[in-house]
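Chemist: structure for the following, please:
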Amino acid sequence: MNAFVEEHQLEIRDVTSVDLLLYTKIVMVGRWHNDGTEMQGFEPYLVCKTDEKGHVSTAKYEYEFFGYGGGGHSLGLNSKIDGWSAHRVIMAVTARLTDYSNLSPGLPKTVGLPTGAVWYPPAGLGLPCLVMEHANEQIEALTA
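Modeler: Model prediction:
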């Protein structure tokens, strides 16, 4: 990944140029995509920015690098729901959104269809973001 970032640092700096002037630190949390030497990239789920006074702001999918970005689905959960129930709901929704059983087996990966989802809780609840990938495979493993 370090070699990839070094090779693409001009593109990364271009995408983040405005923020690099405004913040002392930018941390991106996400997923490294490594589908061979021709298909590598980083998908930033969360971007945490720290200003000179130490204030931290967190945004979702603020940057789009190499064609990876967020989708437009929404899921609301009751703030009183327990963690295991939230996990099951997110897994079920992700499984539905990434069910490619009607496509030929290699097609989803070839064209870069999503394999998961990121859940961003409503601001102010103090809940963590959750990432769910390959839900259909996880459900099959649980029910086997």
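
Chemist: which stretches of this protein form strands?
Modeler: Secondary structure of the chain by DSSP state E: the strands cover 25-34, 40-50, 56-60, 116-119, 130-133.

Chemist: in JSON lines, list the ones you listed along with mean pLDDT and mean neighbour count.
Modeler: All C-beta atoms are positioned from the backbone trio N, CA, C, and that covers glycine. Output for those, formatted as JSON lines (pLDDT from 0 to 100; neighbours: other CB atoms under 10 Å):
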{"stretch": "strand 25-34", "mean pLDDT": "81", "mean neighbour count": "14"}
{"stretch": "strand 40-50", "mean pLDDT": "81", "mean neighbour count": "18"}
{"stretch": "strand 56-60", "mean pLDDT": "83", "mean neighbour count": "12"}
{"stretch": "strand 116-119", "mean pLDDT": "78", "mean neighbour count": "20"}
{"stretch": "strand 130-133", "mean pLDDT": "78", "mean neighbour count": "17"}
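
Chemist: centroid-nearest residue for the chain?
Modeler: residue 45 (3.5 Å; CA atoms, centre = their mean).

Chemist: how close does that one get to residue 53?
Modeler: 25 Å (CB to CB, to the nearest Å).

Chemist: also residue 33?
Modeler: Using CB to CB, one obtains 35 Å as the distance from residue 33 to residue 53.

Chemist: cool, and residue 2?
Modeler: Using CB to CB, we find residue 2 at a distance of 30 Å from residue 53.
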